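1. Give me a model of this one.
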Amino acid sequence: MSAGNTSPRNTTPDASPDDTSTRNSAPDGATSSVLVRGDPRGADDIVVFLPPAGSVTTPYLPVASCLPDSVAAVHCEMPGRGRLAHDTTPTAVAACVDRWDADLLALSLEGRLHFFGHSLGALFAHELVARCEARASPRVASLCVSAARQPGSAPRMLIANAFEALRGEQGGAGRAEDKDAWLTDDLRMRRRHRVVPQPVRAPLALFCPSADPFARPHEMEDWKNHTSGPCLETFTFRGGHDYYRSAPDEVAAAIGHIVERTREPHHAQHHDDTGV
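-> Reported below is the predicted structural model:
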């Protein structure tokens, strides 16, 4: 894959918590649900990361640390968990997206937004893009979908059980019983969600792990039906569902490549898979 001139911030996949700050600029005075890396208000391109199911803190810091210096990053986190434990826990996709949408607007971002969502985060990203496009602000440059079946796809209970087991093996912040409850709540949100009736217009990029039992690469092609914009690229990564954890530099390079593609005068349709 050619990623153009996308020199990474560093070559170390681990990001220090000091590199990321919380913007306490929520419109109601509450703690903002978004974490900011650098100063996105002065950036031409900003990647907005949306969380996967069951997450407490953002899992994307290693990816963000490998992005080009010219690209800022904003991380959306789930209310009701971790540092936002004092907030009301959303019970619907729309409630999550409404909170992030308000906090993103409070940042007064003038650059172009690239939404990256992994698994359930892809559905969140799609909904946020729809809101931004409906009011023509902030400007949306791309929708990057990772390891997710199309919106409205029928739930697979066996896969959901396997997904829960996978999350349990990974550990992470929070008590085990809390993590189980959060994952169950998130999967319930997905099952109950009703999809945006009209396709969005954002250019699309697909991030497909080669050995994902939850969202197979050929199934992800259906995302093309949910935007009227071009599919800029389909990236195939080695690994399973959470491939991005073991290859943050490769994922960041792919995102940087999409940023460069959207800067071109015309977005050429690209149908061929690109192996990573």
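
2. how about Asp45, phi and psi?
-> With angles defined as degrees, to the nearest 10, Asp45 sits at phi -130, psi 130.

3. In this structure, what residue spans correspond to strands?
-> In the chain, the strands defined using DSSP state E lie at 20-22, 34-37, 45-50, 71-76, 112-118, 139-146, 204-209, 231-237, 273-275.

4. What pairs with the fourth one, parallel or antiparallel?
-> Strands that pair with strand 71-76, judged by DSSP bridges, come out as strand 34-37 (antiparallel), strand 45-50 (parallel).

5. So which residues make contact with that strand?
-> The contact list for strand 71-76, computed with Cβ atoms under 8 Å, 6 or more residues apart in numbering, reads 20, 33-40, 43, 45-51, 58, 60-61, 64, 67, 100, 103-104, 107, 109, 111, 114, 124, 255-256, 259. C-beta: built from backbone N, CA, C; applies to glycine.

6. of these, buried ones?
-> Neighbour-count burial (16 or more other Cβ atoms under 10 Å) applied to the contacts of strand 71-76 gives 20, 33-38, 40, 43, 45-51, 58, 60-61, 64, 67, 100, 103-104, 107, 109, 111, 114, 124, 255-256, 259.

7. coming back round to it: so for Gln198, which of the strands paired with strand 71-76 sits nearest?
-> Of all those, strand 45-50 sits nearest to Gln198, with 20.1 Å by Cβ to Cβ.

8. Using PDB, write out every CA atom in that closest one.
-> What follows is strand 45-50, C-alpha atoms only, in PDB (Å, rounded to 0.1, in the frame of the first residue of the first chain):
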ATOM      1  CA  ASP A  45      -7.600  16.900   9.100                       C
ATOM      2  CA  ILE A  46      -8.900  15.300  12.300                       C
ATOM      3  CA  VAL A  47      -9.600  11.600  12.900                       C
ATOM      4  CA  VAL A  48     -12.500  10.900  15.200                       C
ATOM      5  CA  PHE A  49     -12.300   7.500  16.800                       C
ATOM      6  CA  LEU A  50     -15.500   5.700  17.800                       C
END
